[in-house]
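K.L.:
Here's a sequence, model it:
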Amino acid sequence: MENSGYGGDGVFRSLRPPLVIPPDPYASMIPFLFRNISSYPNKPALFDSDSGETLTFSEFKTTVAKLSYALNNHLGITKNDVVLIFAPNSIQYPICSYSIVALGAIVTTVNPQLTVEELLTQIQDSKPKIIITVQELYQKVENFGLPVVFLGSKSSRNGCFSYQDLISKSGSVSELPNVAIRGDDTAALLYSSGTIGVRKGVILSHKNFIAASQMVTSDQRLMGEQDYVHLCFLPMFHIYAFGVILYSQLQEGNTIVSMGKFSFHGVLNNIDTYRVTHLWAVPPVILSFTKQNVIKKFHISSLKVIISGGAPLGKGLLMECAKRFPHVFVLQGYGMTETTAAISMGSPIIEHGVFSGSTGRLLPGIEAQIVSPHTNNYKSLPPNHIGEIWVRGASMMQGYLNNPQATMLTIDEHGFVHTGDLGYLDDEGYLFVVDRVKDLIKSNGFQIAPAELEARLFSHSEILEAAVIPYPDNERGEVPIAFVVRFPNCFLTEEDVKRFIANQVAPYFQLRRVIFVDRIKKSASGKILKRVLVEEIRSRI
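P.N.:
You can find the predicted model right below:
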C-alpha cells in the first residue's frame with residue numbers, strides 16, 4: 001500500500017514533497033507575505049477589474065504599512081484587538097486585512113448578505129473594536145455603537161472615517177509596524193458552520209496561514225513557473241478566497257484580479273483582458289460553464305488551470321467542463337475553514353486521476369485517517385473503504401472561539417480534525433469526498449449519498465441545478481427526493497426526471513418525489529443549503 005501513503009498505524013501520509021515552513025516561532029503572516037518582493041517590486045500585485053485600480057507589489061506593501069500606521073495611531077488598534085470587515089470584494093479588502101494582521105490584531109470577516117441580527121451575533125461573539133464597510137451597507141452597522149471606516153468614497157458622517165483619509169494621514173510611512181508576533185498568535189476569526197451546530201468563530205493563526213500557503217502553492221514551485229494571474233470573484237470573506245487565492249498566491253508573487261461579484265460574461269471578459277492563468281471556482285460556476293454556449297466568443301488562451309472547490313463535484317461535470325476548455329487542466333480541491341482550506345488538491349503535474357472525481361492527493365504535511373462512522377471504537381480503515389475523513393497538519397485551526405465543547409468534539413487528542421465528510425483514499429493516494437455524514441439518506445438499511453444522485457441529475461441536458469434531500473417514509477425510514485431547476489422554456493416533468501434516474505440506479509436509489517423550483521439556495525462557497533430545503537419540505541408535510 002506504499003503508493004497510497006497508507007501506514008501500518010492506519011494513517012495516510014501525503015505523497016507530495018515535505019512541507020517546509022519557517023522554524024522561527026516569531027514567523028508571522030505579513031513579513032512572510034512580502035519576504036521576496038525586492039525581486040519583483042514593480043510587478044502587478046492587485047488589479048481591481050471594477051475600478052481599474054492597480055497596485056504593484058511595492059505599492060501594495062507601502063499601502064499596507066500606511067493603513068497599519070493609521071489604524072494604530074488614529075483608531076487605537078493594537079495587538080489582539082479584533083477588526084470586522086463587512087464589505088464586498090475589492091483590492092482594498094486584502095489591504096485592510098493585512099494592515100490589521102500586521103499590527104498583531106485579528107481580522108474577522110462577514111458575508112455582506114447577512115442580516116442585522118446575524119451580524120449582531122458575530123459582533124457579540126468576536127467583540128470587534130471597529131467595523132470596516134462600504135456606504136451601501138452602513139444601515140446594517142450604524143446602531144452597533146462602533147467606529148466605522150468606509151472603503152471607497154469619503155464620508156461626512158459623524159464618527160465615521162474614510163479609508164482614503166486614513167491612508168493620506170500616514171504621510172511618508174513605508175515600513176511595516178514593528179510588533180512582536182508569534183506564529184501561534186491568532187491572525188483571523190473566520191466563521192463557519194463547522195462540522196456540527198451553528199456558525200462558530202474558527203481561530204486561525206499566523207502559522208496556519210503560512211503553512212496553508214506553502215501547501216497550496218507547492219505544485220507551482222515544483223513546476224518552476226511564475227507570473228501566474230489569478231481571478232478572484234469568490235467572496236473574500238470566505239476561507240477559499242481569503243486563504244487559498246489571496247494570501248497563498250500573493251506570498252508566491254502571483255497577481256490577483258479582483259471582481260466585486262460574479263457574472264459569467266464578466267469572468268470571461270476578465271480572463272481575456274488580464275490574461276488570467278488560474279480560475280478558482282465552485283460547482284455552480286463549473287456547472288454554468290458546461291451549460292453556456294458563449295465561451296468561444298472570448299479569447300481565453302491564457303487560461304491554464306481551473307480549480308473547483310467548496311463542495312464536491314462529480315466526475316461527469318469535470319469532464320464536461322474540460323471539453324469546453326480543451327487546453328486547460330480542470331482540477332478539484334478539498335478543504336474547510338477549520339483546516340485553513342488546505343487538505344487535498346489535484347495537480348497539473350500528475351494528470352492521472354484528473355477526471356475520476358477525485359479531489360487530488362493530500363497536500364504536503366497533511367495526514368489523514370478514514371474512520372468508520374458506524375462504530376464507537378473509531379476503527380481506522382485502509383484504502384478504498386468509505387468512512388469519515390479525519391485530517392491533521394500545520395494548517396489545522398486552533399479551535400472555536402468561546403466554544404470549548406465544539407472544539408473538543410471536532411479536534412481529538414491526537415490533533416485530528418473530524419471533518420464530518422464521508423470519503424476514501426484509493427490505492428494511489430487520491431482522496432474522494434462522497435458526501436456529508438449528516439446528509440446521508442438511510443433507506444431500508446441502505447445508505448444513499450445525495451451527491452451521487454445530484455451528479456446524475458446535473459448530466460441531464462434540461463436540468464440547470466439540482467439538490468437531493470431525505471424525505472420521511474413510514475416503510476423505509478427515509479427516501480430521496482429532488483429539488484430541480486429546469487432550463488428556461490423546458491417542459492421536463494416529474495415523471496421524466498424519475499425515469500431518467502431509475503434507468504441508472506438500483507431500486508432503493510430511485511427518487512420518490514421531484515419538486516421544481518426557480519432557484520436552489522447555496523452558501524458563499526457553493527454548498528447547497530440542505531437544511532433550508534429540509535425545513536421547507538417539513539413545512540409542506
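K.L.:
Just give me the neighbour total for the closest residue to residue 346 other than its chain neighbours.
P.N.:
Closest residue to residue 346 apart from its sequence neighbours, by Cβ to Cβ, 6 or more residues apart in numbering: residue 331 at 3.2 Å. Bear in mind the C-beta positions are built from the backbone N, C-alpha and C, glycine included. Residues near residue 331, counting by other Cβ atoms under 10 Å, number 23.
K.L.:
for residue 23, same thing?
P.N.:
Residues near residue 23, counting by other Cβ under 10 Å: 7.
K.L.:
ditto for residue 217
P.N.:
When counting by other Cβ under 10 Å, one arrives at 19 neighbours for residue 217.
K.L.:
Repeat that for residue 73.
P.N.:
Neighbour count for residue 73, taken as other Cβ under 10 Å: 13.
K.L.:
Please, which helix or strand holds it?
P.N.:
In this structure, residue 73 sits in helix 57-75 according to DSSP states H and E.
K.L.:
Just the buried residues of that helix, please?
P.N.:
For helix 57-75, the neighbour count (16 or more other Cβ atoms under 10 Å) marks 57-58, 60-72, 75 as buried.
K.L.:
tell me the SS of the residue nearest to residue 346?
P.N.:
strand (DSSP: H, G, I helix; E, B strand; the rest coil).
K.L.:
quick one: pLDDT of the residue lying closest to residue 233 once chain neighbours are set aside?
P.N.:
In this structure, residue 233 finds its nearest non-sequential neighbour in residue 259, 3.9 Å apart by Cβ to Cβ, 6+ apart. Looking at residue 259, its pLDDT is 97.
K.L.:
tally of neighbours for residue 259?
P.N.:
Look at residue 259: counted by other Cβ under 10 Å, it has 20 neighbours.
K.L.:
Same check on residue 285?
P.N.:
Number of residues near residue 285 (other Cβ under 10 Å) recorded here: 20.
K.L.:
so it touches residue 262, yeah?
P.N.:
Yes: at 6.9 Å, residue 285 counts as touching residue 262 under the criterion of Cβ atoms under 8 Å.
K.L.:
Can you list phi and psi of residue 367 for me?
P.N.:
Per-residue torsions, residue 367: phi -120, psi 150 (degrees, to the nearest 10).
K.L.:
Does it touch residue 391 like I think?
P.N.:
Yes: taking Cβ under 8 Å as the definition, residue 367 is a contact partner of residue 391 at 6.9 Å.
K.L.:
more crowded one of these two?
P.N.:
Using other Cβ under 10 Å as the criterion, residue 367 and residue 391 rank with residue 391 on top: 28 against 19.
K.L.:
which SSE is residue 113 in?
P.N.:
Under DSSP H and E, no helix or strand contains residue 113.
K.L.:
tell me the pLDDT at it?
P.N.:
With respect to pLDDT, residue 113 scores 88.
K.L.:
Relative to residue 400, how far out is it?
P.N.:
Noted for residue 113: a distance of 23 Å to residue 400, by Cβ to Cβ, to the nearest Å.
K.L.:
Show me which of the two is the more surrounded one.
P.N.:
When residue 113 and residue 400 are compared for neighbours, residue 400 comes out ahead with 26 against 11, by other Cβ under 10 Å.
K.L.:
what about residue 272, which SS state?
P.N.:
Per three-state DSSP, residue 272 ends up helix.
K.L.:
Could you find the closest non-adjacent residue to it?
P.N.:
Residue 272 sits nearest to residue 299 (Cβ to Cβ, 6+ apart), 4.7 Å away.
K.L.:
For this structure, give me the ranges with low pLDDT.
P.N.:
Applying pLDDT under 70 to the chain picks out residues 1-2, 153, 155-156, 193-197, 351-355, 374-377, 444-446, 524-525, 539-541.
K.L.:
how about 50 then?
P.N.:
The chain contains residues with pLDDT under 50 at 194-197.
K.L.:
Tell me how it divides into domains.
P.N.:
For the chain, the structural domains run 2-425, 440-540, going by automatic domain parsing.
K.L.:
Redo those as JSON lines? Include distance to residue 434.
P.N.:
Shown next, in JSON lines, are these (distance: least, Cβ to Cβ, whole Å):
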{"stretch": "domain 2-425", "distance to residue 434": "4"}
{"stretch": "domain 440-540", "distance to residue 434": "5"}
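K.L.:
Please identify the most buried of those.
P.N.:
Comparing those by mean neighbour count (mean count of other Cβ atoms under 10 Å), domain 2-425 comes out on top with a mean of 19.
K.L.:
quick one, strands of the stretch 1-150 of the chain?
P.N.:
Along the stretch 1-150 of the chain, the segments classed as strands by DSSP state E, counting those that start in this stretch run 12-13, 44-48, 54-56, 82-86, 106-109, 130-133, 148-150.
K.L.:
Mind putting the ones you listed into CSV with distance to residue 289?
P.N.:
As requested, those are exported to CSV (distance: least, Cβ to Cβ, whole Å):
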stretch, distance to residue 289
strand 12-13, 32
strand 44-48, 22
strand 54-56, 27
strand 82-86, 30
strand 106-109, 27
strand 130-133, 32
strand 148-150, 36
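K.L.:
out of those strands, which comes closest to residue 345?
P.N.:
Closest approach to residue 345 among those is made by strand 12-13 (15.1 Å; Cβ to Cβ).
K.L.:
can you give me the offset of the closest one from its chain's centre?
P.N.:
Remark: strand 12-13 is offset 23 Å from the chain centroid, using Cα atoms, centre = their mean, to the nearest Å.
K.L.:
helices or strands up against it?
P.N.:
strand 367-371 (3 or more Cβ pairs under 8 Å, 6 or more residues apart in numbering; DSSP states H and E).
K.L.:
List the residues that contact the residue nearest to residue 72 when sequence neighbours are not counted.
P.N.:
Nearest residue to residue 72, sequence neighbours excluded (Cβ to Cβ, 6+ apart): residue 103, at 5.8 Å. Contact partners of residue 103, counting by Cβ atoms under 8 Å, 6 or more residues apart in numbering, are 68, 71, 72, 77, 78, 79, 81, 177, 179.
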